[in-house]
Each structure stands twice: as C-alpha cells, then as structure tokens.
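>>> Here's a sequence, model it:
(chains A and B)
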Amino acid sequence: ETAVFQTPNYHVTQVGNEVSFNCKQTLGHDTMYWYKQDSKKLLKIMFSYNNKQLIVNETVPRRFSPQSSDKAHLNLRIKSVEPEDSAVYLCASSEGLGENTLYFGAGTRLSVL
Amino acid sequence: GDSVTQTEGQVTVSESKSLIINCTYSATSIGYPNLFWYVRYPGEGLQLLLKVITAGQKGSSRGFEATYNKEATSFHLQKASVQESDSAVYYCALNMGYKLTFGTGTSLLVDP
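Now for the predicted structure:
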C-alpha cells in the first residue's frame, strides 16, 4: 500500500524554467529524502531532512532547493532547469536518522527539452 | 565515498532455474555497513526486499536469500527457483550513517 505520495508523475519543461515536485508521507516518519535516478539508473541521494532540519546535502547544483513545511512533507524546487536535470526523482521516508528501511514514492520523471 | 557494485544490465533466467545477482561494496567509514536489497516490480515503487545489519548473518524474503560476508565485502542475492513474478529490477545498497548508497540495479527477466 502506497504511503509516500509524489506529484506530478511526469513533467516536461524547457531549459530555464522553474519546476516544483511535491512529496508527502503518511507513515508518521521523522526523516525524508530526495534521490535522483539518472539515465544510467544510478540512484544518488540529494537531500535528507529530519524533523524539518536539513541533515544531508550532497553536492548538487544550487538551483536545487528542498522545502519542508512539516515532517510529513518535503518538496523539491529546481530553479532554471538544465538538460542534465532530466531524470527520475524519488522521494523516500524512514522512521528516523540512520534508520535502515526507506519507503519510496513512485517517482517523478522530469524531461527537460 | 561509499560504493556498491552489482551485476550490471539485464539477467535472463528460465522459470524454476536458480539465480544469483552479485553485489560487492566498499565503505569508507569506520565500522560495518548495514546491507540491503531493494526491488522495483513493474509499475510499482522501490521497496525493501531484505536487509542484514550484522556481518555473517543471512537475510531472506520471498524465497530470496543474501549473506553478509564482511571478509569478501559481498552481499550476493540468490534464489533457488525463480518465478515469472520475480521479474523486476533489483538494487543492492548499503547504509553507513545517514544515507543509503545504491548500486546501479540489475534487471531480472524470468522466461516462462
């Protein structure tokens, strides 16, 4: 049963536009994540938040910014998208920091023309 | 940084035959990582298949098994007899601290 919800499923946009992806989890978890899956299927962590606090911020371009209004929501904004941003973005949650099991959403596929 | 290397690309196995998907890891932090196999079935999100957090232990789920071998730094996924419903993409992963590091995924196709 899905408990991590991502919108939209797909998004097509042009270079230079701004996009926002939403993520909500209904599991009552404290920690949320954004992962990027590129064309080579490699999954890389971008950000993690614990109780609305940024914990992990991997080396991602500054045009990417996470936004957390409460611990159940973690959105991702990309200001001025580039072609290399085309990928699948996966949101996930876990009970806490260092918790082993992550629960993933279905992903948002971004295509930048 | 931490890294995971697994069998690349697509693996095709006939139904009822055995399967092994190789996974080796490298963790740069002190201590032993927690190891996982995640799976994505067609049309579904990524989900945990099994995990092992203690070196030397074996994890199992849905007929799959993986043993945490700290000497070989391996965590190979095995199944004695695959079914068509096992067709999916399998990801090996490790956790050292606050993030999960994934391999590139192995696509399993089971021929009926």
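>>> in chain A, what spans have low per-residue confidence?
Along chain A, segments meeting pLDDT under 70 span A:1-2, A:98-100.
>>> what does it put close to chain B?
Where chain A comes near chain B, counting by C-beta under 8 Å from any C-beta of the partner chain, the residues are A:2, A:4, A:33, A:40-45, A:48, A:55-56, A:58, A:90, A:92, A:97-98, A:100-107. Just so you know, the C-beta spots here come from the backbone N, C-alpha and C atoms, and that holds for glycine as well.
>>> what's around B:Thr24, how many residues?
Using other C-beta atoms under 10 Å in any protein chain shown, B:Thr24 has 16 other residues around it.
>>> ok, back up a step: identify those among the residues of chain A next to chain B that sit within strands.
Taking DSSP state E, the ones among those that sit in strands are A:4, A:33, A:43-45, A:48, A:55-56, A:90, A:92, A:103-104.
>>> Among these, pick out the one closest to B:Gln6, please.
The closest of these to B:Gln6 turns out to be A:Leu43 (C-beta to C-beta; 11.9 Å).
>>> As CSV, the ones in strands among the residues of chain A next to chain B with neighbour count and distance to B:Gly45 would be great.
CSV is the format used below for those (neighbours: other C-beta atoms under 10 Å in any protein chain shown; distance: C-beta to C-beta, whole Å):
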residue, neighbour count, distance to B:Gly45
A:Val4, 24, 7
A:Tyr33, 27, 13
A:Leu43, 23, 12
A:Lys44, 16, 17
A:Ile45, 20, 17
A:Ser48, 26, 18
A:Ile55, 16, 22
A:Val56, 17, 21
A:Leu90, 25, 8
A:Ala92, 26, 9
A:Tyr103, 21, 8
A:Phe104, 23, 5
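>>> all strands for chain B, in order.
For chain B, the strands defined by DSSP E occupy B:3-6, B:10-14, B:19-21, B:23-26, B:34-40, B:47-52, B:58-61, B:64-67, B:77-79, B:88-95, B:100-102, B:106-111.
>>> for the first one, packing partners?
Put plainly, it is strand B:3-6. strand B:23-26, strand B:88-95, strand B:100-102 (3 or more C-beta pairs under 8 Å, 6 or more residues apart in numbering or on different chains; DSSP states H and E).
>>> can you give me the mean pLDDT across the last one?
Per-region confidence: strand B:100-102 scores 89 on mean pLDDT.
>>> What is it packed up against?
Against strand B:100-102 (3+ C-beta pairs under 8 Å, 6+ apart) you get strand A:43-50, strand B:3-6, strand B:88-95.
>>> Comparing those strands, which comes out most buried?
Counting by mean count of other C-beta atoms under 10 Å in any protein chain shown, strand B:88-95 has the highest mean neighbour count of the helices and strands packed on strand B:100-102, with a mean of 24.
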